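S.K.: my questions are about this predicted structure, shown below with the sequence.
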Amino acid sequence: MSAPDRLGRRLIQLYAGLALYGASSALLVESGLGLEPWGVLHQGLAELTGLTIGVVSIFVGAAVLLLWIPLRQRPGLGTVSNVFVVGLAMDGTLALVPDAHDLAARVPLLVAGIVLNGVATGLYIAASFGPGPRDGLMTGLHRITGRSIRLVRTAIEVAVVATGFALGGTVGIGTVLYAVAIGPLAQVFLRVFAVSAASGGSTAVAAGQPAEAILRP
């Protein structure tokens, strides 16, 4: 694959991944059975402010990106694009998907949201255009504090879930299932969507990030 072709594929993967990530988050919202950690915070802030959850996601992403400055993190195209594309895709999907009231409809929405999130994560990270704002915060704190990625990620996500729940965000079985399933799903789809390097002998997947980190928008 030529260099222009690789770049074109990576750009398609980047924006498809970000759009699908927003759509998957919207499906979790529609299921009403529990959101991913940052989604709980976004929903809680949306309840507090009256803004849409997608707009809140954009504002939170921009605020987190500002925290990169003291951490001396460098954003990439994917980082900046993440701030806007995920939130817009989330609000667009919520406007299109009808409300689900029966459990028989909500469970498939939950499962579809989690699986689609894994697909989106694989697409986005394999494009290698930089981590999302929230994951850059995690890796930056890991580098500055010397604490493990696992500890830093857990501390951040516990804090955002607790804050979001206190503000009215939805925590439920979906939150638990997401936490259990997203790592294995992301690993599978990272391999599926890996982009061949210029030499043709290796692949580019989230270059420069700690091996144990599952980076999410």
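M.R.: In hand now; what should we look at? Numbering: from 1, shown residues only.
S.K.: list the buried residues in stretch 55-66.
M.R.: For stretch 55-66, the neighbour count (16 or more other Cβ atoms under 10 Å) marks 55, 56, 57, 58, 60, 61, 64, 65 as buried. C-beta here means a position set from N, CA and C on the backbone, and glycine is covered the same way.
S.K.: same thing with stretch 99-118?
M.R.: Buried residues in stretch 99-118, counted by 16+ other Cβ under 10 Å: 100, 106, 109, 110, 111, 112, 113, 114, 115, 116, 117, 118.
S.K.: my read is the fourth one is in a strand, agree?
M.R.: No - counting by DSSP: H, G, I helix; E, B strand; the rest coil, residue 110 falls outside a strand, being helix.
S.K.: which stretches of the protein form helices?
M.R.: Using DSSP state H, the helices of the chain run over 3-31, 37-49, 53-66, 68-71, 77-96, 103-126, 133-145, 149-166, 173-193.
S.K.: so can I have TSV of the ones you listed showing mean pLDDT?
M.R.: Shown next, in TSV, are the helices of the chain (pLDDT from 0 to 100):
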stretch	mean pLDDT
helix 3-31	94
helix 37-49	97
helix 53-66	97
helix 68-71	92
helix 77-96	96
helix 103-126	95
helix 133-145	92
helix 149-166	94
helix 173-193	94
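S.K.: out of those, which is the most enclosed?
M.R.: helix 37-49 (a mean of 23; mean count of other Cβ atoms under 10 Å).
S.K.: can I have that one written out in PDB, keeping just the CAs?
M.R.: What follows is helix 37-49, C-alpha atoms only, in PDB (Å, rounded to 0.1, in the frame of the first residue of the first chain):
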ATOM      1  CA  PRO A  37     -17.600   6.000  32.900                       C
ATOM      2  CA  TRP A  38     -17.200   9.400  31.100                       C
ATOM      3  CA  GLY A  39     -20.700   9.000  29.700                       C
ATOM      4  CA  VAL A  40     -22.100   9.000  33.300                       C
ATOM      5  CA  LEU A  41     -20.400  12.300  33.900                       C
ATOM      6  CA  HIS A  42     -21.600  13.800  30.600                       C
ATOM      7  CA  GLN A  43     -25.100  12.800  31.300                       C
ATOM      8  CA  GLY A  44     -25.000  14.100  34.800                       C
ATOM      9  CA  LEU A  45     -23.700  17.500  33.600                       C
ATOM     10  CA  ALA A  46     -26.300  17.500  30.900                       C
ATOM     11  CA  GLU A  47     -29.000  17.000  33.500                       C
ATOM     12  CA  LEU A  48     -27.500  19.900  35.600                       C
ATOM     13  CA  THR A  49     -27.000  22.400  32.700                       C
END
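S.K.: begin at 40 from now on, thanks
M.R.: With 40 as the first residue, the last one maps to helix 76-88.
S.K.: perfect, I'm done here.
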